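Novice: coords please:
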Amino acid sequence: MNHYELALILNPTLSDKDVQKTAEEMRTMLTGLGAAEVEPERVERRALAYPIRKQHEAAYLLIGFTGPSAIPARVRAELKHREEILRLGFARVPRPPSAAPAAPSTPEVAGG
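Specialist: Okay, here's the model as predicted:
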C-alpha cells in the first residue's frame, strides 16, 4: 500500500458549503475504491500562479490517504469531466522507513 496526497484545484465560484460537499464526495469515493487511513482534508483559497479557465484564484483541496496503486488512475477517470474541478493531481508521499535493525555498537574486526 502506498501513501498518496490528492490535490484538487476547484472553481472559485463554489461556496464553502459546496467545497465541503466536494471534499466529502472525494473521501467517500476514495474509501469506496479501497483507500485506508483517509486523512482530514485541508481547504485553502489562494491566488493562482497563472489563469486556469480564465480564473485567477481557486479553492485548493488536499486529502491524504493510503491505498493500492490503482486508485489514482481510477479517480482521474471518474473526475475527468467534472466542471467544478479545474485541475487535479496525485503525489506519492514516501513513508519514513520502519524501525530498521540498529547497527552494532562496536565495530566488528575481521581477523586473522
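
Novice: which residues in the chain form strands?
Specialist: Applying DSSP state E to the chain gives strands spanning 2-10, 42-52, 55-67, 85-92.

Novice: so what strands line up beside the second one?
Specialist: Yep, that's strand 42-52 we're talking about. strand 55-67 (antiparallel) (DSSP bridges).

Novice: relative to A73, which of the strands of the chain is closest?
Specialist: strand 85-92 (9.2 Å; Cβ to Cβ). In this view, the C-beta of every residue, glycine as well, is placed from N, C-alpha and C.

Novice: list the helices and strands the closest one packs on?
Specialist: strand 2-10, helix 71-79 (3 or more Cβ pairs under 8 Å, 6 or more residues apart in numbering; DSSP states H and E).

Novice: of these, which is nearest R42?
Specialist: strand 2-10 (9.7 Å).

Novice: what pairs with that closest one, parallel or antiparallel?
Specialist: strand 55-67 (antiparallel), strand 85-92 (antiparallel).

Novice: who touches the lengthiest helix in the chain?
Specialist: Determined from DSSP state H, the single longest helix within the chain is helix 16-32. Here helix 16-32 makes contact (Cβ atoms under 8 Å, 6 or more residues apart in numbering) with 6, 8, 10, 14, 38, 41, 43, 59, 61, 63, 65, 67, 71, 75, 78, 84.

Novice: check stretch 66-82 too.
Specialist: 1-4, 6, 29-30, 33-37, 65, 85, 88, 90.

Novice: and A47, what is it in contact with?
Specialist: 56-57 are the contacts of A47 under Cβ under 8 Å, 6+ apart.

Novice: run through the bridge partners of it.
Specialist: Assigned bridge partners for A47, using DSSP bridges, are E57.
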